[in-house]
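Trainee: here's a sequence, model it:
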Amino acid sequence: MSELVAVVVPAKDEADRVAATVEAVRSLAVVDLVVVVDDGSSDDTARVARAAGADVVRHERNRGKGAAMTTGAAYVARHGSTAPLLFVDADLQETAVETAVLTTPVLAGSADMTVAVLPEQVTKGGGRGLVVNLARGGIERATGFVATQPLSGMRCLTREAFDAAQPLAHGWGVEVGLTIDVLRAGLRVAEVPCALQHRVSGGDLRSQLHRGAQYRDVRRALLARRLRALTRRG
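Mentor: Residues are numbered from 1 along each chain as shown. Below you'll find the predicted structure:
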């Protein structure tokens, strides 16, 4: 069992936050490599992340979170690492250091994937819980597992668990797809309280459009897995 993890940070237009996030995870004793995947940013995300000490891979156009995670994992593999993967959102800043608790069960062999459960956020969101309820209900119907925070992006998982979820769901459906696929593979998922703070979507038009895209991608991920299950039964 590996004693180290490789960190993958999907990022788009996070120049103001990504440096603090990278510096926080690089400070962790269990971290061997940090790679930031710049998913078609229009700002200086790539330059800032590299200056903070991360390896950087860039998508010339935005391809979505699932594709960024896949690119990051492939980069880790090309560098000869079979270590577990720790996925960290780029906007956590200094609180990203708290993701260390996600690695403990995976490195100890007591879980195949851990999912961060965040505390109440300092900044209140503007959503009504529609995407969360869709995701939670879909995961429960597919696996029987009731996820506390089904859209949580901070996860640590073994290579076996990551491979079990291939290909990853598109875009914002990736977390729901990961949870369902890992559980259906008979692997162990553990939720871990994690003292993280991140940027919360508000009630403006941009935030509403973001939630609309989330709903679309989560619905697609759930439908794809429902069809896959029906095909296997048939």
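Trainee: list the buried ones in the helix or strand of the chain with the lowest mean pLDDT?
Mentor: For the chain, scoring each helix and strand by mean pLDDT, DSSP states H and E identifies helix 205-233 as the least confident one, at a mean of 87. Within helix 205-233, the residues that count as buried by 16 or more other C-beta atoms under 10 Å are 210-211, 214-215, 217-222, 224-225. Where you see a C-beta, it was placed from the backbone N, CA and C, and this is true even at glycine.
Trainee: so which residues of this protein form strands?
Mentor: 5-11, 31-39, 55-59, 85-87, 113-117, 155-157, 189-193 (DSSP state E).
Trainee: circling back to that earlier point, can you redo the buried residues of helix 205-233 as a markdown table with distance to residue 87?
Mentor: Shown next, in a markdown table, are the buried residues of helix 205-233 (distance: C-beta to C-beta, whole Å):
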| residue | distance to residue 87 |
| --- | --- |
| 210 | 19 |
| 211 | 21 |
| 214 | 17 |
| 215 | 21 |
| 217 | 16 |
| 218 | 17 |
| 219 | 22 |
| 220 | 20 |
| 221 | 16 |
| 222 | 20 |
| 224 | 20 |
| 225 | 20 |
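Trainee: show me which pair in these is furthest apart.
Mentor: 210 and 225 (22.9 Å; C-beta to C-beta).
Trainee: quick check: end-to-end length of stretch 141-159?
Mentor: Taking C-alpha to C-alpha, to the nearest Å, stretch 141-159 runs 26 Å from one end to the other.
Trainee: from now on call the first residue 45
Mentor: Sure, I'll start numbering at 45, so the last one becomes stretch 185-203.
Trainee: that one: how far from the chain's middle?
Mentor: Offset of stretch 185-203 from its chain centre (C-alpha atoms, centre = their mean, to the nearest Å): 10 Å.
Trainee: and residue 81, how far from residue 118?
Mentor: 10 Å (C-beta to C-beta, to the nearest Å).
Trainee: and those two? Which one has more around it.
Mentor: Higher neighbour count among residue 81 and residue 118: residue 81, with 31 against 14, using other C-beta atoms under 10 Å.
Trainee: please report how far the residue most central in space within the chain lies from residue 166.
Mentor: Nearest residue to the geometric centre of the chain (C-alpha atoms, centre = their mean): residue 197, 3.3 Å. The gap separating residue 197 from residue 166 is 18 Å, by C-beta to C-beta.
Trainee: cool, thanks, signing off.
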